[in-house]
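Undergrad: give me the fold of what follows.
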Amino acid sequence: MKIVSLNVGCPRQVIWRGHTISTGIFKQSVEGPVALRKLNLDGDRQADLTVHGGEHKAVYCYPMEHYAYWKGKLADRDLPPGSFGENFTTEGLLENEVRIGDQFAVGTAEVLVTQPRLPCYKLGLRFESDDMVRKFLVSRRVGFYLAVTQEGQVQAGEEIKLLSRDPEGISIAAFLGLYVAKNWTAADITKIHRLFELPSLPNDWKSYFDHRLQDTHRAASGSRGLNGVS
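TA: Have a look, this model is predicted:
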């Protein structure tokens, strides 16, 4: 497991659908050691801090392995590392293997897996396609975010070493499956209750799943009530 490319970028103004949009999705590969701090890498910034960046999204990772898939889907586009807005273009870290709560060492820093990446409209802006957000989510090739538990220096080519794994952790792929599912099985609900116990998962995600669980329970209770009346 390693960093294939380290990518940073600051927000720029882009015209999209007749509007001026500030976005930090455009990243460029950089050489040499870069300081990784609690909120981001040196030289990297996010435009909208209400949905991007912050302690739980300090680093966005995207597997290099997915680039072959996208080159097939987007044959007319040049896709250098960083094309999906990622900070670390990685090798050997796929969504079905990486778990919420995994801790890694890279360079002199240590990081923690917190959540999958959910695409916003700025991915469509990046690829000049309104349909790109849907395609990205449907592909399940979304990558994941890291929190920084120990600041340090990182650079391209460095090994990413697994330090610890939460035995109750759920993979990024399984997490995404719970998010996109219209209905949950009993096994899914068991997984969601496990998510509530993960200290690495941000509280906004726990609130999201809690609200959906309540809606599910209310719908089930209403259905039983109607059946009882009939």
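
Undergrad: can we go C-alpha only for contacts and neighbour counts from here?
TA: Noted.

Undergrad: output the longest helix belonging to this structure.
TA: Using DSSP state H to assign secondary structure, the helix with the most residues in the chain is helix 203-229.

Undergrad: please name every helix or strand in contact with that helix.
TA: Counting contacts by 3 or more CA pairs under 8 Å, 6 or more residues apart in numbering; DSSP states H and E, helix 203-229 is packed against helix 186-196.

Undergrad: give me the most central residue, the chain.
TA: Among the residues of the chain, residue 117 comes closest to the average C-alpha position under CA atoms, centre = their mean, at 2.2 Å.

Undergrad: list the contacts for that one?
TA: Listed by CA atoms under 8 Å, 6 or more residues apart in numbering, the contact partners of residue 117 are 60, 142, 143, 144, 145.

Undergrad: out of those, which is nearest to residue 220?
TA: When the contacts of residue 117 are compared for distance to residue 220 (CA to CA), residue 142 comes out closest, at 31.7 Å.

Undergrad: would you double-check that that closest one falls in a helix?
TA: No - with DSSP: H, G, I helix; E, B strand; the rest coil as the criterion, residue 142 is assigned coil and is not in a helix.

Undergrad: returning to that earlier point: tell me the one among the contacts of residue 117 nearest to residue 192.
TA: Out of the contacts of residue 117, the one with the shortest distance to residue 192 is residue 144. That distance is 18.3 Å, counting by CA to CA.

Undergrad: any idea how far residue 170 is from the closest residue to that closest one other than its chain neighbours?
TA: In space, not counting the residues next to it along the chain, residue 144 is nearest to residue 116; the distance is 4.1 Å by CA to CA, 6 or more residues apart in numbering. Residue 116 sits 11 Å away from residue 170, taking CA to CA, to the nearest Å as the criterion.

Undergrad: quick one: contacts of stretch 201-220?
TA: With contact meaning CA under 8 Å, 6+ apart, stretch 201-220 is reached by 56, 100, 101, 114, 115, 189, 192, 195, 196.

Undergrad: list the buried residues of stretch 171-187.
TA: Neighbour-count burial for stretch 171-187, counted by 16 or more other CA atoms under 10 Å, picks out 171, 172, 173, 174, 175, 176, 178, 184.

Undergrad: quick one, what contacts the second one?
TA: Read that as residue 172. Contacts of residue 172 were listed using CA under 8 Å, 6+ apart, and they are 95, 96, 97, 98, 99, 100, 115, 116, 144.
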